[in-house]
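A.B. asks: my questions are about this predicted structure, shown below with the sequence.
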Amino acid sequence: MLRADQVLTDPVEMLAYECDAYTIHKGRPDVVVHPESTEQCAAVVRLCARMGVPFTPRGTGTGLSGGATPLCGGVVISIMRMNRVLSVSPADLRLRAQAGCINSTITRAAAPYGLHYAPDPSSQTACTVGGNVAENASGPHTLKYGVTANHVSGLTVALPDGSVVELGSDADEPCGYDLVGLCVGSEGTLGIVTEVTVRLTPNPRQVRTLLAVFGSVDDASRTVSRIIALGIVPCALEMMDSIIINALEDAFAMGFPRDAQALLLVELDGLGPGLDAETAAVRDLCSEHNARSVSAAASEEERARLWFARKQGVGVLGRVAPNKVTQDGLIPRSRLPEVLARIRAIAERHSVRLCNIFHAGDGNLHPCVIFDERDPDELRRVLAANEEILRLCVEVGGSITGEHGVGVEKRDAMPLMFSEADLAAMRRVKAAFDPAGLCNPGKIVPEPSAEAVPA
Ligand SMILES: Cc1cc2nc3c(=O)[nH]c(=O)nc-3n(C[C@H](O)[C@H](O)[C@H](O)COP(=O)(O)OP(=O)(O)OC[C@H]3O[C@@H](n4cnc5c(N)ncnc54)[C@H](O)[C@@H]3O)c2cc1C
């Protein structure tokens, strides 16, 4: 059923599939397959089910929580070659694509109609829409426009027994249980998404993009809290700190001041006069909070350059250290200044190097810990600092993940947020879809604790 070039077994090639962009946990697959259609994908799953072999769905492996890591070996089912846009319907504001279609390809296909696909993870030129569905991905512009769950209306899914189901519809409010909602964010543990119908969004009429330069992270984070408290909803509100600024300067000579401690990238969209008033209010707030300068992108090229910097801001850390863990805690925005200060203190206590580039307007923090995993003592300190950061996010009323999912990285932190009864309910949902437990085993929900297992 698959051609020889769709099946990889060479142990050297397996190395590329040992993990995703979270490199601390690894697992070696026995086989990697590249189906090209729903039928081929379902046939591979049926074979795995018949033989009792675990399988792990994979997009392009940009995930940051180890979701695509084949913890139990078996088969990695890579959706990468299922990358075609199948139809665009501007009148219905819908686009249907194979699940391996790259996120930015969808927006490019919608562009001739004045439309776009709103969820825009910073990895959008590399990650797949199937991976976005699995992680319920967000991105800078989801502050105003909502996350993947708000933009998906239909899915084709190969279930863990190899049968194929159609979930949802093109209608906006389907009736019955929201099974699309259940699958979005399920991190490839309930089946393999093979096709996706997404909602398209009209392009904004006008956009204003501001870059504010700050001499202190505290001033920048207080500005974020004030903007949101005033009821202004920018379409994006992003922060980068000095390590990121300098890594970007080293890589691309963007012209950012190397001595700045924080940059805020604020984008507003809407209609002319109201938009100008909001932009002026944001400028004033930046100045009131000691911004050294606030400048507006004067052209589409300048705007694109600023977004290029933001979207390369994580990747450039490869120049700074061999490894990084990008944390993903969510906190109430009003606690931003306090939490950033406490995270700095955690990093100092554990002697780890940490920088910040994140969706500040959402309260979605991404403290990036940079390190060398070949140093066992440094790795131990990194893991300890990570755990403390997650505890802090929960303590202030937030969550252990804002957009990167639980995967294997945060699986053992789930009890920070959920009781044993909650986790047992999640295990029952998983078992309803995957009674044999072969579909992406070892992710999201930890094994029951010893006390919870009846003697
Ligand atoms: C530099 C960088 C920036 C990033 N920025 C953002 C950001 O702004 N916002 C954000 O939300 N994320 C971001 N991410 C994280 C990542 O890009 C997203 O989680 C993305 O959705 C993963 O897509 P992928 O195709 O790479 O999936 P993978 O990493 O291959 O897989 C991710 C998970 O989805 C499952 N999966 C993949 N495809 C399918 C499928 N077809 N059916 C069922 N399950 C499947 C896998 O089993 C795994 O659990 C970033 C990552 C990097 C490296």
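C.D. replies: That came through fine.

A.B. asks: around the ligand, pick out the residues from the stretch 101-250 of the chain.
C.D. replies: 121-123, 127-128, 130-132, 134-135, 137-139, 187-188, 192-193 (Cβ under 6 Å from any ligand atom). No exception for glycine: its C-beta is placed from N, CA and C like everyone else's.

A.B. asks: in PyMOL, select just the buried ones from these.
C.D. replies: The buried residues among those can be selected in PyMOL (16 or more other Cβ atoms under 10 Å) with this line:
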select buried, resi 121+122+123+127+128+130+131+132+134+135+137+138+139+187+188+192+193
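
A.B. asks: restricted to strands, list the residues of the stretch 101-250 of the chain next to the ligand.
C.D. replies: Judged by DSSP state E, the subset of these located in strands is 192-193.

A.B. asks: just the ones of the residues of the stretch 101-250 of the chain next to the ligand in helices?
C.D. replies: Secondary structure from DSSP state H places 130-132, 134-135 of those in helices.

A.B. asks: tell me the one among these nearest to Val282.
C.D. replies: Asn132 (28.9 Å; Cβ to Cβ).

A.B. asks: please name the nearest non-neighbouring residue to the closest one.
C.D. replies: Computed as Cβ to Cβ, 6 or more residues apart in numbering, the closest residue to Asn132 that is not its neighbour in sequence is Thr148, at 5.0 Å.

A.B. asks: need the contact list for the one you found.
C.D. replies: Residues near Thr148 by Cβ atoms under 8 Å, 6 or more residues apart in numbering: 119, 132-133, 135-138, 184-185.

A.B. asks: same thing but at 7 Å, please
C.D. replies: 119, 132-133, 136-137, 184 (Cβ atoms under 7 Å, 6 or more residues apart in numbering).

A.B. asks: which single residue of the stretch 151-300 of the chain ends up nearest the ligand?
C.D. replies: Taking Cβ to the nearest ligand atom, the ligand has its nearest neighbour within the stretch 151-300 of the chain at Gly188, 2.7 Å off.

A.B. asks: can you name the residues bridging to the closest residue to that residue other than its chain neighbours?
C.D. replies: Leaving aside its sequence neighbours, Gly188 sits nearest to Pro57 (Cβ to Cβ, 6+ apart; 3.9 Å). Note on Pro57: beta-bridge partners Ile77, judged by DSSP bridges.

A.B. asks: burial count for Pro57?
C.D. replies: A count of nearby residues for Pro57, using other Cβ atoms under 10 Å, gives 26.

A.B. asks: so it versus the ligand, what's the distance?
C.D. replies: 4 Å (Cβ to the nearest ligand atom, to the nearest Å).

A.B. asks: pull the longest helix from this structure.
C.D. replies: The chain, longest helix under DSSP H: helix 376-395.

A.B. asks: so who does the closest residue to the ligand within the stretch 251-400 of the chain touch?
C.D. replies: Per Cβ to the nearest ligand atom, Val314 is where the stretch 251-400 of the chain lies closest to the ligand, at 3.8 Å. By Cβ under 7 Å, 6+ apart, the contact list for Val314 reads 122, 326, 357, 368.

A.B. asks: looking at the residues you listed, which has the most residues close by?
C.D. replies: Going by other Cβ under 10 Å, Ile357 tops the contacts of Val314 with 26 neighbours.

A.B. asks: what helix or strand does Leu167 sit in?
C.D. replies: In this assignment (DSSP states H and E), Leu167 forms part of strand 164-168.
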